[in-house]
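Engineer: Need a 3D model of the sequence below.
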Amino acid sequence: MKIFVAGATGVIGRRAVAGLIAAGFDVTGVVRRASARAELVASGARPVEVNLFDHDSVVAAVAGHDAVVNLATAIPVGERASDETAWTTNHRIREVVSHNLVDGAIAAGASRHVQESIAFLYADGGDLVLDESWPVEPTSITSSALTAEAEAARFAARGGAGVALRFGQFYGFDSAHSIEAIEAVLAGRPAELGPESAFRSSITTDDAAAAVVAALAVPSGVYNVVDDEPLSRANNVDALATALGVAPPATRSLDLELPPAFSIMLRSQRVSNARFRAASGWRPGPPSAREGWSTIVAEWRALRVVRAG
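Structural biologist: Numbering: from 1, shown residues only. As a prediction, the model looks like this:
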């Protein structure tokens, strides 16, 4: 089975490519840099350079593939994440690129399209456990994820399997958000936003990639990909502090007012992965961040030693 992967060199993409190849798939990955091309070739994948915003180029590149996996994003990090205009490229990817890839998959006669999405779409649920039927409440920085999901549904309406994976907050040793959180806790600063008792659903980068592979065998639909046990913001920061071997900050999370576009950062989203687990047999390695942070901190420290050497 030939798989076309957009976003193949990102934090999730390169892990997903490795998982797909290990599972025996023939993988083509989109690249933009020479260094990324070499990395893909070394992994056993076939690199292809294509402008994902160019419709005809995408359709031509996807030809001959049996499935398309769209993991392409351009989510701003750090201080840029608080600038609404910095999300423009990410919106274009979810709107234009998702459309182009679905057109390419349809033209190729592909049997499956897998689309990256986000669990942050859900309305605040307090202490309730939220499944895929819980109402969504998109803001201006998240609404394009629903556009991308609609493209997966369009593919399904044409007779193929269209799958959207709503990922929780990624955490991993090479995730920008995780590195920011680690540095904050080491400095004794708050590492979260929102009420300390509010839930934040997360997923390790390794487990997210494994879910992409598992998504090649599930029925059409939307699925949550999160840890088995979402933690409150306070418990998440405490787990990270324990993994680092330091005392947690006196204030774990800043509960403050944000512009409407960024209100998702303050919501309590205790999301369930039950539907995806039942459909695929997938399950996360660490059941929660209590166990996950220990491994990630160890990997982060090992990487620092290598770079220092």
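Engineer: which residues touch the helix or strand that residue 177 is a member of?
Structural biologist: Using DSSP states H and E, residue 177 maps to helix 176-186. Applying CB atoms under 8 Å, 6 or more residues apart in numbering, the external contacts of helix 176-186 come out as 77-78, 169-172, 190-192, 237, 240-241, 244, 246, 248-249, 296-297, 300. No exception for glycine: its C-beta is placed from N, CA and C like everyone else's.
Engineer: Among those residues, name the buried ones.
Structural biologist: Listed as buried from the contacts of helix 176-186 are 169-172, 190-192, 237, 240-241, 244, 248-249, 296-297, 300; burial here means 16 or more other CB atoms under 10 Å.
Engineer: for the protein, longest helix please?
Structural biologist: When the chain is scanned for its longest helix (criterion: DSSP state H), the result is helix 289-308.
Engineer: now, which of the buried ones among the contacts of helix 176-186 lie within strands?
Structural biologist: Taking DSSP state E, the ones among those that sit in strands are 169, 170, 171, 192.
Engineer: Am I right that residue 148 is in contact with residue 115?
Structural biologist: Yes. Using CB atoms under 8 Å, residue 148 is in contact with residue 115, at 5.3 Å.
Engineer: Now do residue 309, the pLDDT please.
Structural biologist: At residue 309, the predicted lDDT confidence score is 61.
Engineer: picking that back up, Serialize the ones in strands among the buried ones among the contacts of helix 176-186 to CSV and add fields for pLDDT and distance to residue 183.
Structural biologist: Converted to CSV, those look like this (pLDDT from 0 to 100; distance: CB to CB, whole Å):
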residue, pLDDT, distance to residue 183
169, 95, 17
170, 95, 17
171, 94, 14
192, 95, 13
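Engineer: Can you lay out those as CSV showing distance to residue 58?
Structural biologist: What follows is those, written out as CSV (distance: CB to CB, whole Å):
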residue, distance to residue 58
169, 29
170, 26
171, 31
192, 38
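Engineer: Check the residues you listed and tell me the two furthest apart.
Structural biologist: Spatial extent of those (CB to CB) is set by the pair 170 and 192 at 14.7 Å.
Engineer: can you give me the helices for the stretch 151-300 of the chain?
Structural biologist: Here the stretch 151-300 of the chain has its helices, by DSSP state H, counting those that start in this stretch, at 176-186, 205-214, 233-244, 274-280, 289-308.
Engineer: More neighbours: which of residue 148 and residue 115?
Structural biologist: Between residue 148 and residue 115, residue 115 has the larger neighbour count (other CB atoms under 10 Å), namely 29 against 25.
Engineer: ok, now how distant is that one from residue 81?
Structural biologist: In this view, residue 115 and residue 81 are 22 Å apart by CB to CB, to the nearest Å.
Engineer: Likewise for residue 290?
Structural biologist: Per CB to CB, residue 290 is found 26 Å from residue 81.
Engineer: so the residue positioned nearest the centre of the chain bridges to which residues?
Structural biologist: Geometric centre of the chain, nearest residue: residue 167, 4.9 Å, by CA atoms, centre = their mean. Residue 167 has these beta-bridge partners by DSSP bridges: residue 118, residue 225.
Engineer: check contacts around it.
Structural biologist: Residues near residue 167 by CB under 8 Å, 6+ apart: 12, 116, 117, 118, 119, 203, 208, 211, 225, 226.
Engineer: Now the buried members of the residues you listed.
Structural biologist: Buried, going by 16+ other CB under 10 Å: 12, 116, 117, 118, 119, 203, 208, 211, 225, 226, out of the contacts of residue 167.
Engineer: distance of the first one from residue 182?
Structural biologist: For residue 12, the distance to residue 182 equals 19 Å [CB to CB].
Engineer: pull the CA atoms of the helix holding residue 177 into CSV?
Structural biologist: Extracted in CSV, the C-alpha atoms of helix 176-186 (Å, rounded to 0.1, in the frame of the first residue of the first chain):
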residue,chain,number,x,y,z
ALA,A,176,8.4,23.4,21.4
HIS,A,177,5.5,23.6,23.8
SER,A,178,7.1,20.9,26.0
ILE,A,179,10.5,22.6,26.0
GLU,A,180,8.8,25.9,27.1
ALA,A,181,7.0,24.1,29.9
ILE,A,182,10.2,22.4,31.1
GLU,A,183,12.1,25.7,31.1
ALA,A,184,9.3,27.4,33.0
VAL,A,185,9.1,24.7,35.7
LEU,A,186,12.9,24.8,36.1
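Engineer: 416 is where my numbering starts, stick with that
Structural biologist: All right, first residue 416 from here; so that's helix 591-601.
Engineer: now that helix against helix 620-629, angle please.
Structural biologist: Calculated by axes from the mean of the first three to the mean of the last three CA atoms, to 10 degrees, helix 591-601 forms an angle of 160 degrees with helix 620-629.
Engineer: mind checking how far helix 591-601 is from the chain centre?
Structural biologist: Chain-centre distance of helix 591-601: 18 Å, with CA atoms, centre = their mean, to the nearest Å.
Engineer: All good on my end, thank you.
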